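Undergrad: With the input below, show me the fold.
(one chain, ligands or ions: 1)
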Amino acid sequence: MKRELTRIENKKIIYFKSIASTQEYAKKIAGKSSSGTVVVAEKQTKGRGRFEREWYSQRGGLFFSVILKPQVEPRKIPVLTYKMALAVMDTIRKVLAQYPGQNKVYTAALKWPNDVVMVKRSRRFGRDPDFPSGNEGRETKYKKIGGILTESSINKNKVDWVIVGVGININNKIPVSLKNTAVSLRKITFDNNISLTGVFNTIMANFEKYYTDFPDTKTLAEYKKNSIFFRAGAEKIAIDFGGNEYTGRASGITDDGGLEIMLSGGIKKIFYAGDVVLY
Ligand code: BTN
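TA: Purely as a prediction, here's the structure:
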């Protein structure tokens, strides 16, 4: 990425109290908007995540979509998701640092391809009913705090626009059906009311740094370093791709953001999408 070509030129913010989806709105205006335009909403009535899943979007959460016009090869678009994931992760860590007790126990990390999760730093802190470890279920070693949805328009192998949509559980309640797999920043910080504006501004400042000053190779290295699949002694993972389940160990991230897995049978396979769980 050439620095001068990818700088966020315009930081116009379009703000809604309520909207169906910031992502849908951003897609409608992307063609005529300049790079850096951000659509933010206090709540969404039709928020959506990957694979057209519903994204729970009650007031108290943070919901926004950033319109970008980067001069990058289309195959490199996933790297933009990782830049945003890092920006969100850094922001959550910064907030958490203000709560030293909790900061010792939890940290934010990344789950390929688009999740920001909370994990316990170490099991020596004992059993926590909110984050059971060990044999209590493979979905419970981490909890999702935020997700990123990246969509793009490509014409003749040239990127017209990319929209990076971000949803983060901040002060919102987590619905009972998601309590086992999702958590809010408020919950992690002893029920403190977190400033949404503060979190948003920090994410945007962090994102601009990753977007303009961070080469892709460095982004991918940082992403891998902070990914739960590459932790020391990383567990086995299973990926659901096209209705088939593959198991193995994460062995790398490719230069275009694919997840390379050493399958249990000894063959390497690269995935660009899919739902992954840690054993
Ligand atoms: C995921 O984890 O599947 C991605 C979730 C992305 C949700 C955000 S909230 C703001 C923007 N508007 C939407 O409708 N979706 C994204």
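
Undergrad: My read is that residue 109 contacts residue 225, right?
TA: No. Contact criterion CB atoms under 8 Å: residue 109 and residue 225 do not qualify, at 9.9 Å. (Each C-beta comes from the backbone N, C-alpha and C, glycine too.)

Undergrad: tell me the SS of the single nearest residue of the chain relative to the ligand?
TA: Nearest residue of the chain to the ligand: residue 147, at 2.0 Å (CB to the nearest ligand atom). Three-state call for residue 147 (DSSP: H, G, I helix; E, B strand; the rest coil): strand.

Undergrad: ok, residue 109 and residue 225, which is more surrounded?
TA: The neighbour comparison of residue 109 against residue 225 (other CB atoms under 10 Å) goes to residue 109, with 23 against 12.

Undergrad: who touches whichever strand or helix holds the more buried one?
TA: Assessed by DSSP states H and E, residue 109 sits inside strand 106-111. Outside strand 106-111, the residues that touch it by CB atoms under 8 Å, 6 or more residues apart in numbering are 82, 85-86, 88-89, 92-93, 96, 116-121, 131, 142, 144-145, 188, 223, 226-229, 276.

Undergrad: Just the buried subset of the residues you listed, please.
TA: Buried members of those, scored by 16 or more other CB atoms under 10 Å, are 82, 85-86, 88-89, 92, 96, 116-120, 131, 142, 144-145, 188, 223, 226-229, 276.

Undergrad: In strands only, show me those.
TA: 116-120, 142, 144-145, 276 (DSSP state E).

Undergrad: residues touching residue 270, list them.
TA: By CB under 8 Å, 6+ apart, the neighbours of residue 270 are 254, 258-261.

Undergrad: Looking at the residues you listed, state which has the most neighbours.
TA: Result: residue 261 is most packed of those (other CB under 10 Å), 26 neighbours.

Undergrad: give me the low-pLDDT residue ranges for the stretch 101-250 of the chain?
TA: Scanning the stretch 101-250 of the chain for pLDDT under 70 picks out 122-140, 232-235.

Undergrad: Residues of it that sit close to the ligand?
TA: Residues of the stretch 101-250 of the chain lying close to the ligand (CB under 6 Å from any ligand atom) are 114-115, 147-149, 165-167.

Undergrad: Turn the residues you listed into CSV, columns for distance to residue 199.
TA: Converted to CSV, those look like this (distance: CB to CB, whole Å):
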residue, distance to residue 199
114, 18
115, 17
147, 15
148, 15
149, 18
165, 16
166, 10
167, 12
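
Undergrad: Of the residues you listed, which is the nearest to residue 54?
TA: Using CB to CB, residue 167 is the member of those that sits closest to residue 54, with 10.9 Å.

Undergrad: quick one: strands adjacent to the helix or strand encompassing that closest one?
TA: Taking DSSP H and E as the definition, residue 167 sits inside strand 158-168. Taking DSSP bridges as the criterion, strand 158-168 forms sheet pairs with strand 62-68 (antiparallel), strand 142-155 (antiparallel).

Undergrad: which residues touch residue 74?
TA: Contact analysis of residue 74 by CB under 8 Å, 6+ apart lists 152, 154, 157-159.

Undergrad: just residue 178 next, same as before
TA: residue 56.

Undergrad: mean confidence score for stretch 61-80?
TA: Taken as a whole, stretch 61-80 has an average pLDDT of 96.

Undergrad: Over to stretch 256-275?
TA: Per-region confidence: stretch 256-275 scores 91 on mean pLDDT.

Undergrad: Among the strands paired with strand 158-168, show me which one is buried the most.
TA: Among the strands paired with strand 158-168, strand 62-68 has the highest mean neighbour count (mean count of other CB atoms under 10 Å), at a mean of 25.

Undergrad: what comes into contact with it?
TA: Against strand 62-68 from outside (CB under 8 Å, 6+ apart): 8, 22-23, 25-26, 29-30, 33-44, 47, 55, 57, 80, 84, 161-168, 170, 196, 199-200, 207, 211.

Undergrad: Recalculate using a threshold of 7 Å.
TA: 22-23, 26, 30, 33, 35, 37-41, 44, 47, 57, 80, 161-168, 170, 196, 199-200 (CB atoms under 7 Å, 6 or more residues apart in numbering).

Undergrad: show me where the stretch 151-279 of the chain has strands.
TA: Ranges of strands within the stretch 151-279 of the chain are 158-168, 237-241, 244-253, 259-263, 268-271, 275-278, based on DSSP state E, counting those that start in this stretch.

Undergrad: Cool, thanks, talk later.
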